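# Sharing a sequence plus its predicted fold:
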Amino acid sequence: MKKNKHVFPDDWGKISDKEAIKHIEYLLEHYQEYDMSKFGDNGIIINEIYFYPSNISLQHGVTFKYMIINMQKVYGSTKDIYPMIQQLIDVCHVEINKRKTEKAKAKKIAKVDTVIGATVICGLFIWGMIFIADQLPNILKMMENLFKTNKVENTAQQQSLPKDNEYVLTQQQIQNYRDTLKQVVK
């Protein structure tokens, strides 16, 4: 997540309620820009700031509700800031659940894409094997014919060589005979 340039206090116990309200208002407007997670049952952590709602049961069934910020500052339910913090916690819980859902959808899509890709690759491989198996007899026959043709050509060349040599020898003999006749006639 993108971090904004807003500077939050290190010690929330040392700031006034007015300053705390400004920081909470800022977070309410920009909470989506920050990393956040759940903290305990009902709390949140946003930008490394802990917000945790709690309560104390007092005498006569009275319950005192309060918010703790970074374990440094406590705001009771009678303060104006209490509902703002509760609102921040509520919107952050919704955002956290939304991000989890989106992340789960992205993982699911990635898995589906992986399965589809693997299926396509396997299908192409199987199709290629079937094609090769189907064409194998033709390829073997072609290679056999090629070997036969080469064998016939080699045999023809070997058989034609002696005949060619005989032809050359015969021509030489005829030439020698002509030369001899020319000499006798002279």
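Arrived safely. Numbers count the residues shown, from 1 in each chain.
# And the strands in the protein, which stretches?
Using DSSP state E, the strands of the chain run over 36-39, 43-46, 49-57, 63-69, 73-76.
# Could you export those strands as CSV, including mean neighbour count, distance to Q172 and mean pLDDT?
Yep, even glycine has a C-beta here, placed from its N, CA and C like the rest. CSV is the format used below for the strands of the chain (neighbours: other CB atoms under 10 Å; distance: least, CB to CB, whole Å; pLDDT from 0 to 100):
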stretch, mean neighbour count, distance to Q172, mean pLDDT
strand 36-39, 16, 105, 92
strand 43-46, 21, 109, 92
strand 49-57, 15, 112, 88
strand 63-69, 16, 119, 84
strand 73-76, 16, 123, 85
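# closest one to M142 among the ones you listed?
With respect to M142, and counting by CB to CB, the nearest of the strands of the chain is strand 36-39 at 67.6 Å.
# The strands of the chain: which one's closest to Y167?
Closest among those, once you apply CB to CB, is strand 36-39, at 99.3 Å.
# what residues does that closest one touch?
The contact list for strand 36-39 (CB atoms under 8 Å, 6 or more residues apart in numbering) reads I44, I45, I46, N47, Y50, F51, Y52, C92, H93, E95, I96.
# can you tell me the average pLDDT over stretch 149-168?
Averaged over stretch 149-168, pLDDT sits at 65.
# How about stretch 107-122?
Computed over stretch 107-122, the average pLDDT equals 86.
# One more: stretch 134-141?
82.
# How far away from the center of its chain is it?
Its chain's average C-alpha position is 40 Å from that of stretch 134-141, according to CA atoms, centre = their mean, to the nearest Å.
# Export it to CSV, keeping only CA atoms.
The C-alpha trace of stretch 134-141 is given here as CSV (Å, rounded to 0.1, in the frame of the first residue of the first chain):
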residue,chain,number,x,y,z
ASP,A,134,-0.6,-41.7,-37.1
GLN,A,135,2.1,-40.5,-39.5
LEU,A,136,4.8,-43.0,-38.4
PRO,A,137,3.9,-45.7,-41.0
ASN,A,138,4.0,-43.1,-43.7
ILE,A,139,7.4,-41.8,-42.5
LEU,A,140,8.8,-45.3,-42.3
LYS,A,141,7.6,-46.2,-45.7
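# Going forward, the N-terminal residue is numbered 383.
In the new count, where the first residue is 383, that last one comes out as stretch 516-523.
# Of all the residues in it, which ones are buried?
Judged by neighbour count (16 or more other CB atoms under 10 Å), stretch 516-523 contains no buried residues.
# what about the biggest helix by length in the chain, distance to the chain center?
In the chain, taking DSSP state H as the definition, the longest helix is helix 463-567. On the basis of CA atoms, centre = their mean, helix 463-567 sits 28 Å off its chain's mean C-alpha point.
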